[in-house]
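Student: Give me a 3D structure for the following:
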Amino acid sequence: MARKLFTVAALCAAATLSACSYSMDSLWPSLTGDSPKSAAPTQAAASAVRGQTFRIPASAGEVMRQPTLGPAGAPPVLGSTNFVPPVITPGQQTGTFVGQKVGMLRSELQRMRGEIGQENSGLQNIRRETAGHSQAYHGAIAAINSRLQVGTTPGNPFLVNNWNIAQSGLGNIDSDITKMNSLANSVAGTSTMSAYLLETTRAAYGLSGAVEEDHRQLAILEDEVNRTVVLIDRLLNELSEDINRQTSYVAAERGNLTALSLAIKNGEALGGSLSNRAYATAAPLASAGRLGSSSNLGAAGGRPLVVIRFDRANVEYEQALYTAVSRALQRRPQAGFDLIAVTSGKGTPAQVTINGNKAKRNAEKVLRSLSGMGLQLDRVRLSATTQNTAESNEVHLYVR
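Tutor: Below is the predicted model of the structure:
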């Protein structure tokens, strides 16, 4: 063709059955090298099954000119329990040694009740702070997404400032998690003391020289210590759940912030981090189907997932690259990728050498883009080759 193109080619999944097998080759629509704002993509994908060709209509997302954004991810729900320790029943002095022991145990329980009250107050304060920090973070993210939704300039200073605010807000949530961990350590110490107090209370039944009133007060005290132990266990469990949810949330949002910084740099929305997409629904390796043998999708002689032709300056490829890799990870969350720098073999040996260096730099640029989208670099293998049929330097991405 006269005009220059860079093509995004989609892979196909091979489905293998017990008695027979077949393969489906799905071709992604070709994208021109012109700006994506100049024309809406209208080319539909074609699928071939056993020699028959079926036409698949373009999706709504492919037809729309502007990028579409899903609802912003909501922060994880924090626990709402208010852990109020039980009221301690006052006792009477009996004048016996066991009665004195009961009084000491009651005083220890009273002291522990005060500690639990302080820990509960600390937990409620942390939860209020975390809720405020989360609102500030999502407010900044919403401002960025809304501007990207309608279109903006690359590196918009307004979006950069909001991104810095979002990063600071996420750091505040991370600090809240540190406070939760510190509080959990304090509650764990109280839990150890409560277990010791319960054992000591039960052991007091075996002391000699007690009267009936001593054992009656011991029974009441044992019940109250039991309720306190249960309360502390519930406090620890809910606090642990809050910490786990918030930790996973912050880790995922850090990946989204990295992908969002790339979107701000380009002035167009990409989507969530590929790291979250890759592991959110990851299937076990034993059950994950192979995506490279019978369907010829591997790097060795297979069909590339993405072909980017660097036939001009400032090739706009990142949106198409993100879409292709995202869909591939949806179909196989544990997939790896081969990134190949393809050098045009046309021209003198000196020109081929120069083109080879340019192709490798282009591949490194694509690798940085994948990293910015959240794809772990240990899932990508780099290599280089020369093709005499290539009109210009290219970068091919394969699924393995």
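Student: Which parts of this protein belong to which domain?
Tutor: 5-67+271-399, 97-266 (automatic domain parsing).
Student: For residue 79, which of these is the nearest?
Tutor: domain 97-266 (4.0 Å; C-beta to C-beta). Where you see a C-beta, it was placed from the backbone N, CA and C, and this is true even at glycine.
Student: now do the same end-to-end measure for that closest one.
Tutor: Start to finish, the residues bounding domain 97-266 are 79 Å apart (C-alpha to C-alpha, to the nearest Å).
Student: Show the average pLDDT along the host helix or strand of residue 184.
Tutor: Secondary structure assignment for residue 184, by DSSP states H and E: helix 157-203. In this model, helix 157-203 has a mean pLDDT of 91.
Student: Quick one: list the elements packing against it.
Tutor: Applying 3 or more C-beta pairs under 8 Å, 6 or more residues apart in numbering; DSSP states H and E, we find helix 157-203 packed against helix 97-150, helix 212-266.
Student: Put together TSV for the domains of the chain, with mean neighbour count on each row.
Tutor: Shown next, in TSV, are the domains of the chain (neighbours: other C-beta atoms under 10 Å):
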stretch	mean neighbour count
domain 5-67+271-399	16
domain 97-266	17
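Student: With respect to residue 76, which of those lies nearest?
Tutor: domain 97-266 (3.8 Å).
Student: Between the helices and strands packed on helix 157-203, which one is closest to residue 91.
Tutor: That would be helix 212-266 among these, by C-beta to C-beta, at 4.7 Å.
Student: Against which helices or strands is that closest one packed?
Tutor: Packing partners of helix 212-266 (3+ C-beta pairs under 8 Å, 6+ apart): helix 97-150, helix 157-203, helix 274-280, helix 318-331, helix 349-372.
Student: what angle do the first one and helix 212-266 make?
Tutor: Yep, that's helix 97-150 we're talking about. Counting by axes from the mean of the first three to the mean of the last three C-alpha atoms, to 10 degrees, helix 97-150 lies at 20 degrees to helix 212-266.
Student: list the helices and strands helix 97-150 packs on?
Tutor: For helix 97-150, the elements it packs on are helix 157-203, helix 212-266, judged by 3+ C-beta pairs under 8 Å, 6+ apart.
Student: Using JSON lines, please lay out the ones you listed together with distance to residue 368.
Tutor: As requested, these are arranged in JSON lines below (distance: least, C-beta to C-beta, whole Å):
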{"stretch": "helix 157-203", "distance to residue 368": "18"}
{"stretch": "helix 212-266", "distance to residue 368": "9"}
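Student: now the domains of the chain in JSON lines, with distance to residue 80?
Tutor: Output for the domains of the chain, formatted as JSON lines (distance: least, C-beta to C-beta, whole Å):
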{"stretch": "domain 5-67+271-399", "distance to residue 80": "26"}
{"stretch": "domain 97-266", "distance to residue 80": "8"}
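Student: Check these for me: which has the lowest mean pLDDT.
Tutor: When I compare the domains of the chain, domain 5-67+271-399 is least confident, with a mean of 62.
Student: and the helix holding residue 184, how far from the chain's centre?
Tutor: Put simply, helix 157-203 sits 21 Å off its chain's centre (C-alpha atoms, centre = their mean, to the nearest Å).
Student: the inter-axis angle of it versus helix 212-266?
Tutor: Going by the same axes, to 10 degrees, helix 157-203 makes 160 degrees with helix 212-266.
Student: Can you redo the helices and strands packed on helix 157-203 as a markdown table, where the extra columns are distance to residue 398?
Tutor: Converted to a markdown table, the helices and strands packed on helix 157-203 look like this (distance: least, C-beta to C-beta, whole Å):
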| stretch | distance to residue 398 |
| --- | --- |
| helix 97-150 | 30 |
| helix 212-266 | 22 |
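Student: Compare the ones you listed and give me the one nearest residue 181.
Tutor: Closest among the helices and strands packed on helix 157-203, using C-beta to C-beta: helix 212-266, at 6.2 Å.
Student: so when I look at residue 386, I'm seeing a strand, right?
Tutor: Yes: under DSSP: H, G, I helix; E, B strand; the rest coil, residue 386 sits within a strand.
Student: wait, doesn't it sit right on residue 356?
Tutor: Yes: between residue 386 and residue 356 there is a contact at 6.9 Å, judged by C-beta atoms under 8 Å.
Student: how close does residue 312 sit to residue 393?
Tutor: 11 Å (C-beta to C-beta, to the nearest Å).
Student: where's residue 397, which helix or strand?
Tutor: Assigned by DSSP H and E, residue 397 falls in strand 394-399.
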